[in-house]
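Peer 1: Fold the following for me, if possible:
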Amino acid sequence: MSRIVGIDLGTTNSVVSVMEGDAPVVIPTREGSHVVPSIVAFSRRGERLVGSLAKRQAATNPEGTFFAIKRLIGRKKDECDQRNVTDRVPYRIVASANGDAHVQAGDRVISPQEISGAILANLKEIAEEYLQEPVEDAVITVPAYFDDTQRQATRDAGRIAGLNVLRILNEPTAASLAYGLIDGDIEERVIAVYDLGGGTFDVSILRLAEGVFEVLSTSGDTFLGGEDFDQRIMDWMAEQFIADTGIDPRSDRLALQRLKEAAEKAKIELSREPQTEIQLPFLANTEKGPAHFSRTLTRDVFEGLVRELVDRTTAPCEEALKLAGLDASQISDVLLVGGQTRTQLVQQRVREIFGREPNRRVNPDEVVALGAAIQAGILCGDVKEIVLLDVTPLSLGVEIKGGGFVKMIERGATVPCRRTRVFTTTADNQTKVEVHVLQGERELAAANKSLARFELVGIPPAPKGTPQIEVAFDIDSNGIVSVSARDLATGLQQQVVVTPTSGLTPEEIERAIAEAEAYSEEDRRRIAAARAKSKLQGLLESNEKTYREFADLLSAEQQDEIKTTFEACREALAGEDPETLNAAIERLADVARALTEVALFDPNSAS
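Peer 2: As a prediction, this is how the structure comes out:
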């Protein structure tokens, strides 16, 4: 059986991990980093770049570089517009045929699932190279407050990447698993997981006792995270620049990308320094010539800019405590998760909410992925004596006559779970009923999120109120919903695994998988070319050095042949074809042997 990896698919960065023996480890990238930027770019030549390669070229290709895609996955474009997401990024966010939020690269419209699939495929390759074996199965984490549509979309992204997603795991729950394993045998305690990442905020309350991890409650905001902190700095920079020049740099996509990169850098520096210098030369052109941006941003000013964002985390924390039936004094430990929790103002607010110093023993960037690896270990039997009891973040139910919403499964119910309820017809001789599945907390059906619709047909004609229709809701351990309706009189049944009303069709998923495989081959060629280039460059330099030293001992014919080989190697280095590069390496090996023989028989060399 192949190894199961754990993946934290983050808004800003992503991490892949695996169990090594009885401990989870983060798998490093080829560059030695433990995180992969959650960025995908399409170059003007049509090449797809992922991770660090995509991030490095973002400033020169803002419209073709896609970041923070996690905020779009499983959402409608109208919802993104309402949250001002569309205006905050240099790339174009467009609506698909059914209104989903997609992005546009040139003439091509791409779904967030495909972008996320490219990131997951990159993590899959990193894991396969590290493990030296194929990777097929994965546990992928999502924010606890993701709804069914977003969870399904994440699963689709895994399929596009060629992964069999065995479990969709809530991020705070994953973090608690890592915390429990790192701390070893701990006494019974109740912990809070405060997860403020790049794009989302979650808080979960869990009880840990004798290997049982029970989620008591969860709450959050899927539009609150580090991206919003960056935006506050970007807006501050833009206002300063407008005051100086009268030009709003946010109207230019290239300038907007530069603002974004500078804001992220400044935010990181202010987590450890009292102030930071922001320098952006040639940010815009004016009638008087180039205009530059140069300002000092202090931590006090930064905290003033983001205080309202930090304040927004208070209500979900209080709600989670209320749902768990606890007060802050009963929390034994507060675990910080997500890179944004490094901000000192955030840590201060956590102390105020829970009345205690937060736990910073675990790396906030890695702990979720480590927990995902532990869950993978549980699934394959490598990790024993751990039981995970998670909850559903939002209520599920059906629409009834008059536009009301009847909850079938209340938020906070332990999953997996099943609930049934009997309904009836509202008109005489009604032979079919429509079941409209919704998710949310509002009493009005239209105010909640529609997940699916299906019909139960063939009901025998009867006076209204006579037929007995049993509706059953099932939620599996991934939080994925299935619904069935059954006529109790005839046994006639209709069942559906909820496919969200927004999402990719099976045909679109298959097309995306085929394209991902094509890009995967292209990526493998690019990696092979990069490695061959590096090897060829080193061999060429060492052989040229040896040639300069011993050229006089070679015949004219040998010198010409070696020079021709060197020239062919330089031409190969200018290209990207791995076969040509490897052929050049082989030719250079012949040169190396010839030069070695000359060097060994050099009468002037040391004996």
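Peer 1: From what I see, Ile513 and Ile160 are in contact.
Peer 2: Yes: the pair Ile513 and Ile160 passes the contact test of C-beta atoms under 8 Å, sitting 5.4 Å apart. For every residue, glycine as well, the C-beta is placed using N, CA and C.
Peer 1: in its sheet, what does the helix or strand where Val215 lies sit against?
Peer 2: In this assignment (DSSP states H and E), Val215 forms part of strand 212-221. Here strand 212-221 is paired, per DSSP bridges, with strand 201-209 (antiparallel), strand 387-391 (parallel).
Peer 1: Highest mean neighbour count out of those strands?
Peer 2: Scoring these by mean neighbour count under mean count of other C-beta atoms under 10 Å gives strand 201-209 as the most buried, with a mean of 25.
Peer 1: got a list of contacts for that one?
Peer 2: By C-beta atoms under 8 Å, 6 or more residues apart in numbering, the residues outside strand 201-209 that reach it are 143-145, 170-173, 176, 180, 186, 188-195, 213-222, 224-225, 312-313, 316-317, 320-321, 323-324, 326, 331.
Peer 1: Leaving out chain neighbours, which residue sits closest to Pro24?
Peer 2: Ala373 (3.8 Å; C-beta to C-beta, 6 or more residues apart in numbering).
Peer 1: who does the helix or strand hosting that neighbour touch, helix- and strand-wise?
Peer 2: Using DSSP H and E, Ala373 sits within helix 367-380. Helices and strands touching helix 367-380, by 3 or more C-beta pairs under 8 Å, 6 or more residues apart in numbering; DSSP states H and E, are strand 4-8, strand 13-20, strand 23-26, strand 137-142, strand 164-170, helix 171-183, strand 333-337.
Peer 1: Tell me the spacing between Ala243 and Leu120.
Peer 2: Using C-beta to C-beta, to the nearest Å, Ala243 is found at 43 Å from Leu120.
Peer 1: could you list every residue that touches Val437?
Peer 2: So Val437 contacts 396-398, 450-453, 481, 483, 498 (C-beta under 8 Å, 6+ apart).
Peer 1: Low-confidence ranges, this protein, go.
Peer 2: The model of the chain has pLDDT under 70 over residues 1, 182-186, 385, 496-503, 505-506, 601-607.
Peer 1: hang on, the earlier thing: closest to Ala262 out of the helices and strands packed on helix 367-380?
Peer 2: Closest to Ala262 of these is strand 13-20 (C-beta to C-beta; 18.2 Å).
Peer 1: Direction-wise, compare the closest one with strand 137-142 and give the angle.
Peer 2: Put simply, strand 13-20 runs at 140 degrees to strand 137-142, going by axes from the mean of the first three to the mean of the last three C-alpha atoms, to 10 degrees.
Peer 1: Now do strand 13-20 and helix 171-183, the angle between them.
Peer 2: For strand 13-20 against helix 171-183, the angle by the same axes, to 10 degrees is 40 degrees.
Peer 1: So what's the gap between strand 13-20 and the chain middle?
Peer 2: Put simply, strand 13-20 sits 13 Å off its chain's centre (C-alpha atoms, centre = their mean, to the nearest Å).
Peer 1: Point out the other helices and strands that it packs with.
Peer 2: Against strand 13-20 (3+ C-beta pairs under 8 Å, 6+ apart) you get strand 4-8, strand 23-26, strand 36-37, helix 112-131, helix 367-380.
Peer 1: CA atoms only: put stretch 298-317 into CSV for me.
Peer 2: Taking Å, rounded to 0.1, in the frame of the first residue of the first chain, the C-alpha atoms of stretch 298-317 are listed here in CSV:
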residue,chain,number,x,y,z
THR,A,298,5.5,51.7,12.4
ARG,A,299,3.9,48.9,14.3
ASP,A,300,1.6,51.3,16.0
VAL,A,301,0.2,52.6,12.7
PHE,A,302,-0.1,49.1,11.4
GLU,A,303,-2.1,48.0,14.5
GLY,A,304,-4.4,50.9,14.0
LEU,A,305,-5.0,49.8,10.4
VAL,A,306,-5.9,46.2,11.3
ARG,A,307,-7.5,46.6,14.8
GLU,A,308,-11.0,46.2,13.4
LEU,A,309,-10.0,42.9,11.7
VAL,A,310,-8.5,41.6,14.9
ASP,A,311,-11.7,42.7,16.7
ARG,A,312,-13.8,40.6,14.3
THR,A,313,-12.2,37.4,15.7
THR,A,314,-13.8,38.1,19.1
ALA,A,315,-17.4,37.3,18.3
PRO,A,316,-16.7,33.8,16.8
CYS,A,317,-14.6,32.9,19.8
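Peer 1: Any buried residues in that stretch, and which?
Peer 2: By neighbour count on 16 or more other C-beta atoms under 10 Å, the buried set for stretch 298-317 is 299, 302-303, 305-306, 309-310, 313, 316-317.
Peer 1: again, but for stretch 165-184
Peer 2: Those would be 165-182, for stretch 165-184 by 16+ other C-beta under 10 Å.
Peer 1: ok now that stretch, how far from the chain's centre?
Peer 2: Centre-to-centre, stretch 165-184 and its host chain are 16 Å apart (C-alpha atoms, centre = their mean).
Peer 1: Alpha carbons only: can I get it in CSV?
Peer 2: The C-alpha coordinates for stretch 165-184 follow below in CSV (Å, rounded to 0.1, in the frame of the first residue of the first chain):
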residue,chain,number,x,y,z
VAL,A,165,-8.9,12.2,-1.2
LEU,A,166,-9.6,9.8,1.7
ARG,A,167,-10.6,12.4,4.1
ILE,A,168,-11.5,16.1,4.2
LEU,A,169,-10.4,17.2,7.7
ASN,A,170,-11.1,20.5,9.5
GLU,A,171,-8.0,22.6,10.0
PRO,A,172,-8.4,23.3,13.7
THR,A,173,-9.1,19.6,14.4
ALA,A,174,-5.9,18.7,12.5
ALA,A,175,-4.0,21.1,14.6
SER,A,176,-5.3,19.6,17.8
LEU,A,177,-4.2,16.1,16.6
ALA,A,178,-0.6,17.4,16.2
TYR,A,179,-0.8,19.3,19.5
GLY,A,180,-1.9,16.1,21.3
LEU,A,181,0.8,13.9,19.7
ILE,A,182,3.5,16.5,20.3
ASP,A,183,2.5,16.9,24.0
GLY,A,184,2.3,13.2,24.5
